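Kindly generate the corresponding structure for this input.
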Amino acid sequence: MSTIIFLLVLSFFPLTNSEKEQVPNFAFSWLNDNNTFQAGDIATINIKVLGNFDDKNATLSKSAFKPTLTVNGKMGNSSFVSGVLLDTVGDTSTWRILFIPIMAGLFNVIINDDPFKVFDSSLHYNVIPGRMFTSVCVASWMGLINEFEAGTKATLLILPKDAFGNNISLAGGEPTSYNFTVSALYENGSVANMPNITYIGWKNFGYIVMEFVVEKAGKLLLIVEGENQTLIGSPLLFEVTPGPLDVSNCVAKWNFETIAWQLYSKMEIFIHQQDQHGNLVPGLYPFDADVVEKETNLTMPVADLHFEEVVPGIQLFSFSLLEPGNFLLTISDLKHNKSISSMPYAYTVFVGYCDGLNSVINGSGLNDSVAGETAEFTVYLNDKFQYPSPVELERIHVLIASEVDSYYAMASIVPLTIFNGSGPIGKPTLSAIEQIAVAPAPYADLINTSVGSSKVLVSAFNVIYTPAKSGIYEVRVFCGNILLNGGHPFKKEVRAGEVNESLSGAVDFTPKVPKQFKNEILVHLVDSYLNPVLSQESRLKLEIASINHSSFSSGMFLDNGDGSYKGQYLAMDVGTYEMCVSFDGKRFSSCPFWINVYSNEYFPKASDDIIFVWEDQSIAFDVIANDYFAGDNASIVEFSKPGHGSLMQDGQLLRYTPFKDYFGNDSFLYTMSDVNGNLATAAVNISVLTIPPQFVSYPSRLQATEDVLTPSFGGFSGFEIRYSDSTENIFVNLSARSGTLSLSPMLMQFWQPMWGGLSVKRVDNEAKNLILEGSVEVINLALQSIQYLGNENFYGEDIIRVSTRNRNGVNDLDVPVFVEPFNDPPFIHVPKFIILKSSGDESPIFEIERDKFEFAIGDPDLHNYPGGEAYFAVTFSVEVSDGFLQTSLPSELINTTELKLGNSNVWQPLQTYVTISKHFTVKANGIRFRGTINDCNMVMQQLYYHGGEYGVVLTVKLHDMGHYGCYSDCAANISVPLYAEATVNLIQRRPMSSLVAHSFGSAIVLEFLMVFSLGVLLMLFTCKCAIHLEKERRERGTSMRKSKLSSSMQTSQEQIVSTLETLSIRCHINRWLQSNTYTPV
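Numbers count the residues shown, from 1 in each chain. Coordinates of the predicted model:
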């Protein structure tokens, strides 16, 4: 029995009985009680309407019922479901919700419709993966091992997935049924080999194991395919090293293979050192060589045997040929236990003296020619002295090979001069030529065989050949092992012959074409040997045999450069046209052919489509919806594989699902067919949009502290976003309702080298919004340094919104933050003084009309207190230094009121009171009570002062009693009480204003400056007088000294004169005495 899940209709407001009758109820259930689906199936939810719609009310009518489908928190189409469709057309009994589950797992469904108060979260469903879709499967190396030795086993892992990227378990069927294949390519794209798969089967954890043996060495690419679809991850890089050397698998090669060697030449053989799989093994492996003469079976000594590694894995083996005869060469290892492949090698050393430079080759056969025409050239064998050097005819061979493929032109050798043992005997007769076998070249064993005359000696001969294919040829002529023309080949071009009309003709044309449209026809010209003939477009003509030639026109043919020619024609009228292509007026054998011309409406026209899809979603679309086609029906006959997603067809719809983590552009081609079988092709261009950055992880709740930057070191952990494009710059907008966000400067400095790609800015220079811009890696680092600071005094619940944005959209995340409260001190805003106006015996202290200052008593914790203002209790007190205070208090404060009376400093409980209108009046020196902040403000507004003296001090104190905002029960959260105190001077006169005080002070300063200036002038005058008096005193003293000095000098002069006079008299006396003195004999 079907189980129907009924929905209880909830209403935010009570409904009246009439309203309850008009609003229907709804029940939702899965179709056939089936809630298990395969990815890609259609899931159906039945809608059962219980009640009637109010069609008179547009908001409650049938058309207004538009419920939304939310799966695992994502509404509508998402990474979980696609193609969500609400089918509410017709009778309510057929209403349903359709969607396609695309992700495997267990999911919950929520159906919501606000106008009808619908909210159903009871439905859930389970999704299992769909069928394996090989192009979505992922290939990888087991254990990430991608280096192997040739001959060993390689193991490949395949992660099977369905078309939507869901992993498939062991229930996905036998893996052999999906035709998995592997192929190895070289780095240049050439095929290395197709390894044989030795084992394929399921492994634990839902992987398919594939084993194969690697053979070819080198750096390779492994192409993994299944059902002709390339797997994700393919091609896989791997490297194979050669295995051990296998002597029996080594190969001897020559530049040009021959068995005839001229005496005194040097035999050079390249030994390819190979393992058992044919890979070259580097290194100089020691080989030995034995030369045995056939006739005597004796081993011949080799004096100059030489081995040299020319490239890794290839040795050059050489020795001189000093004896004529027939020999056997065997190359083996040093122990002679194993010989290399194709040994022994039989060769002949003949006596000859051909010189590659002096021999002459000429003739028209070396010039360019036409395919099918016989070409001929002559060869003259000379020795190094330019004398004829005859050799046996079988020692001559000619190699004429095409450059582009393996085609060889067979050549015939006709001797011109025949030698006997002693000299030339002349030109051969016709009978002799007939007896001499014409030697074609090349031979499979490169031996020129002759019948009856193989020992004929010739020194001059003609080479006759007929190339059948056009192209570039290389002509080589060998005398034994000696390549003539100095070791260089001749090059010539063979052109195509004349056009063969029976083999040429129209090869491609459309039998049904639209009128008035240029249509194309393709003609292929070949000669009698099927060689493409070029540059003949002027000789081609498109003819029409219809009667109405005026409605038909054709243009010149264009040479495509490969023997094909494209011609165009235009038919103006509808009808059947008989057409033919001729060459120089000669019709091809394919003539005639018929073209049916239709109107343009007869043919379909496919238009390109542009599709947009999110990277994690799937989308279905009708590609032929915008195409034109005749009739009522058209079908998709073919579509190509997109490069970066899966594509499935479901009728007329195609469903595209991008590969996981892919974003960008994708495309594919499709071909449609109408009812007449006409085809049209168009492209579908898909833009896979990157979804806005998604949150991989985030904290469910953050913790902070009031007025404290949180965390104090570093930032909040747990934020991480995911974005597919690691190079694109994305934006993250951080904001908080009641706080500001910033980045930790310490972490920013610590990660400085990584911040080059990060841009941090704020919107309009506000601290509310912090915008980060950068790559996803840098953004994730920045998200680890987020710090939160709430608004001043804020505590409680806050929300941090993290919005990620790219060029395609926005993704929002709200993270709750609980800010723990911190006890803030209360505050008192009062002026420093108040001028009291006496009205009898009392003076009101605060008057709103008189006092213009801001007055407030409060506590910052009050705004967010959980219990409200009525439960936020504080202790408030007012007291004056002299006089009394009087106020009116509510009766609720009787038990908490205390007073200070007289000169007592002790608070005393209220003893007596009188209650009038639930209020009582108190008068005391100090008043204290416990009440609300509002009580404190009301008391201050009704406070009166009594006293005769003015100039007293009013002291106001406020204690918060240790309460602060916290949780619903704040009784258990009490801290040390904080208090605020303020003093107010109560005065009678208004104090001097600042302007007056400033002016008065300025006047005092000016007066001081003036007095000081007068004092300075007086002091200067006094000093000047003193200096002047001192100067006069000095001058008077100087004059007195001068008079005394002059008198003393006069006296001295007189004394001196007197003395001199005395001395002069004495001198005269002495002189007289001396002159009159008698001297005895």
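
Low-confidence bits of the stretch 801-950 of the chain, can you list those?
For the stretch 801-950 of the chain, the stretches with pLDDT under 70 are 838-841, 848-854, 866-867, 948-950.

Show me where it has its strands.
Under the criterion DSSP state E, counting those that start in this stretch, strands of the stretch 801-950 of the chain are mapped to 809-820, 827-829, 833-835, 842-844, 856-858, 874-880, 884-890, 898-900, 908-909, 915-916, 919-924, 926-931, 944-946.

okay if I get the ones you listed as CSV plus mean neighbour count?
Backbone N, C-alpha and C define where each C-beta goes, glycine included. Shown next, in CSV, are the strands of the stretch 801-950 of the chain (neighbours: other C-beta atoms under 10 Å):
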stretch, mean neighbour count
strand 809-820, 16
strand 827-829, 15
strand 833-835, 18
strand 842-844, 18
strand 856-858, 18
strand 874-880, 22
strand 884-890, 20
strand 898-900, 20
strand 908-909, 12
strand 915-916, 10
strand 919-924, 18
strand 926-931, 21
strand 944-946, 18
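
And those strands: which comes nearest Met672?
Closest of the strands of the stretch 801-950 of the chain to Met672 is strand 809-820, at 33.7 Å (criterion: C-beta to C-beta).

just to revisit the earlier point, for Gly278, find the nearest of the strands of the stretch 801-950 of the chain.
strand 809-820 (57.4 Å).

Which elements pack onto that closest one?
In this structure, strand 809-820 packs against strand 694-697, strand 702-705, strand 796-806, with contacts taken as 3 or more C-beta pairs under 8 Å, 6 or more residues apart in numbering; DSSP states H and E.

can you list the strands of the stretch 801-950 of the chain in CSV and add distance to Leu321?
Below are the strands of the stretch 801-950 of the chain laid out as CSV (distance: least, C-beta to C-beta, whole Å):
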stretch, distance to Leu321
strand 809-820, 83
strand 827-829, 118
strand 833-835, 133
strand 842-844, 140
strand 856-858, 120
strand 874-880, 123
strand 884-890, 135
strand 898-900, 136
strand 908-909, 139
strand 915-916, 144
strand 919-924, 141
strand 926-931, 129
strand 944-946, 141
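
how about the ones you listed, which one is nearest Lys566?
Using C-beta to C-beta, those put strand 809-820 closest to Lys566, at 49.3 Å.

relative to strand 796-806, how tilted is that closest one?
Computed with axes from the mean of the first three to the mean of the last three C-alpha atoms, to 10 degrees, the direction of strand 809-820 lies at 160 degrees from that of strand 796-806.

hey, where'd the strands end up in the stretch 951-1081 of the chain?
952-959, 979-987.

Tell me which of these sits most buried.
Counting by mean count of other C-beta atoms under 10 Å, strand 952-959 has the highest mean neighbour count of the strands of the stretch 951-1081 of the chain, with a mean of 18.

List the contacts of it.
826-828, 830, 834, 845, 857, 859, 874-883, 885, 936, 940, 945, 977-986 (C-beta atoms under 8 Å, 6 or more residues apart in numbering).

rerun at 7 Å
826, 828, 830, 845, 857, 874-883, 936, 977, 979-986 (C-beta atoms under 7 Å, 6 or more residues apart in numbering).

For stretch 500-518, list every residue counted as buried.
Judged by neighbour count (16 or more other C-beta atoms under 10 Å), stretch 500-518 contains these buried residues: Asn500, Glu501, Ser504, Gly505, Ala506, Phe509, Val513, Pro514, Lys515.

do the same with stretch 299-309
Val302, Phe307.

Now find how far off-centre that stretch is within its chain.
62 Å (C-alpha atoms, centre = their mean, to the nearest Å).

same check, this time on stretch 804-813
Worked out by C-alpha atoms, centre = their mean, stretch 804-813 lies 17 Å from the chain centre.

do stretch 857-866 as well
52 Å.

So Ala571 is in contact with Tyr577, correct?
Yes - with contact defined as C-beta atoms under 7 Å, Ala571 reaches Tyr577; the gap is 6.3 Å.

Arg801 and Gly739: what is the separation?
Going from Arg801 to Gly739 by C-beta to C-beta, to the nearest Å gives 11 Å.

Sorry, wrong one. I was asking about Thr181.
62 Å.

And for Tyr473?
87 Å.

quick one, helices of the stretch 901-1050 of the chain?
933-941, 994-1075 (DSSP state H, counting those that start in this stretch).

Any idea which of those has the lowest pLDDT on average?
Across the helices of the stretch 901-1050 of the chain, helix 994-1075 has the smallest mean pLDDT, namely a mean of 72.

Helix, strand or coil: sort out Asn733 for me.
strand (DSSP: H, G, I helix; E, B strand; the rest coil).

what's around it, how many residues?
Neighbours of Asn733 under the rule other C-beta atoms under 10 Å: 16.

Asp162: which of the helices and strands packed on strand 809-820 is closest?
strand 694-697 (22.7 Å).

Please name every helix or strand in contact with the closest one.
strand 720-722 (3 or more C-beta pairs under 7 Å, 6 or more residues apart in numbering; DSSP states H and E).

So for the strand it packs on, what gets flagged as buried?
Ile721.

contact partners of that strand?
In contact with strand 720-722 (C-beta under 7 Å, 6+ apart) are residues Pro693, Gln694, Phe695, Val696, Ser697, Val776, Ile779, Asn780, Thr804.

now it: how far from the chain's centre is it?
The answer for strand 720-722 is 15 Å, by C-alpha atoms, centre = their mean.
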